[in-house]
Every structure is written in C-alpha cells, then in structure tokens.
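Chemist: prediction below, plus the sequence it came from.
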Amino acid sequence: SAVISQKPSRDICQRGTSLTIQCQVDSQVTMMFWYRQQPGQSLTLIATANQGSEATYESGFVIDKFPISRPNLTFSTLTVSNMSPEDSSIYLCSVRTGRMNTEAFFGQGTRLTVV
Amino acid sequence: ILNVEQSPQSLHVQEGDSTNFTCSFPSSNFYALHWYRWETAKSPEALFVMTLNGDEKKKGRISATLNTKEGYSYLYIKGSQPEDSATYLCAFRYGNNRLAFGKGNQVVVIP
C-alpha cells in the first residue's frame, strides 16, 4: 500500500496566477499520475509523472499549462499555470505500485477555485 | 476515446434498503475493472480490482460482479447505512497501466 500526503487541500486563486500542488508518498513508487475532476465530469488523467524525465501528457493537456516535476520516487508537483475559471476542479495525485492489477492509491485531493 | 458509463448518476436510498448500480466499459482489450469509494474531502479508496469474466467479489455489505464479454459490472450495497453515503467510481484499466474513470454513482443514504 501507499500513503500520499497532498497539499494544499483547497485554494481560491485569482485568474492569471499559478498554483503548485505537491504530493509526497511514504514509499518509493514507480508510477505517479495526476488527475483532475471538473464539476460534473469524470476523473480525467492529465499526465504520468516520470522520475528523471519529462512527464507524459494525455491528449488535450500540455506541459506549458501543467508543468510537472518528479525529482525522486517519492515526490511530485503539478503546477496549474495562468489559471482561468475553467481550471476550477479537484486535482488528485495517484500512485501505482507497478505490479499488475493492483489498486491505485490517491492523495486527498486539492479543490481549486479560480475567481 | 474510452467510454466508461455509470448509472444512475445519483441515488437516494433509505437506510436498511439494498441498492445497486452499473458500470459499462469497452469489452475489447480488457485488463481490469476497478471500483473505488470516494467520500467528500477524503482520498478515493479501493474496493475491488476485478480481472476475470464472471468474477464476484465481496467486502462486508458491498459486492461486485463482472461481465467482460458484454462490458459491464454491477456494484451492490446490501442493507445501506448512512456511512455508505459516498461517490462510487469505476475505472477501466487500459494500456500502460492507466485508468479511465466513469463519472461516478453518488449515493446518499437517508436515515
């Protein structure tokens, strides 16, 4: 299993600013993922955070808007840049242990409101 | 585009009643189907990971079934209690260990 500490838990930000979300895992994990859930929508994968290399982004998400760092196997950050009200969402980090068909573990989420 | 549909989107259940809801997913290239329970302000918590057609899994009063040939899974809650109030997410595992989620089934148990 894995325990993830995610912060901040919530924030209200002005449009045009940036917010960095942090996730700290209590063990080394191979795979870390960043999701967002916009109001009324499903959890959608933003990117896979790779240790020592650039993140792999899903269709519709770009590095300039969502830069990700993964300096080691226990920590990652997601920045939401140049925010607009459409970025108001819950952002979640998640890890997998790398073994096949095991469950994912999640942080507590960051509830972001952009005004 | 991976389409994972959950229905109904929300439901109110009287305490003590049983309920069930559905997740439908692509029936091709199946690896695994996950169910998570997500309470407000908490982390989503894994309930089941199901891989085999015909799988049935149980955790306390909650159980799930899987039909990979027709692409659906049912989640059942027996004798609902207020602490069962949460959003239940299903997720379809696809290439490179990634998950595609449905919108969730939001359950409110009325005391």
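Modeler: Yes, it's here.
Chemist: what's the helix or strand for the residue minimising distance to the centre of chain A?
Modeler: With distances taken as Cα atoms, centre = their mean, the residue of chain A nearest its centroid is A:W34 (3.2 Å). Counting by DSSP states H and E, the element that carries A:W34 is strand A:31-37.
Chemist: chain B contacts on chain A?
Modeler: Applying Cβ under 8 Å from any Cβ of the partner chain, we find that chain A lies next to chain B at A:4, A:9, A:31, A:33, A:35, A:40-45, A:48, A:92, A:96, A:98, A:101-109. Quick note: C-beta positions are derived from backbone N, CA and C, even for glycine.
Chemist: and those, which are buried?
Modeler: Buried members of the residues of chain A next to chain B, counted by 16 or more other Cβ atoms under 10 Å in any protein chain shown: A:4, A:31, A:33, A:35, A:42-45, A:48, A:92, A:96, A:103-109.
Chemist: keep only those of those that are in strands.
Modeler: Of the positions in those, A:4, A:31, A:33, A:35, A:44-45, A:48, A:92, A:96, A:105-106 sit in strands, assigned by DSSP state E.
Chemist: now those as CSV including distance to B:Q6?
Modeler: Below are those laid out as CSV (distance: Cβ to Cβ, whole Å):
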residue, distance to B:Q6
A:I4, 24
A:M31, 25
A:F33, 20
A:Y35, 16
A:T44, 15
A:L45, 17
A:T48, 24
A:L92, 18
A:R96, 22
A:F105, 21
A:F106, 18
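Chemist: chain B: which of these is nearest?
Modeler: When those are compared for distance to chain B (Cβ to the nearest Cβ), A:F106 wins out at 4.4 Å.
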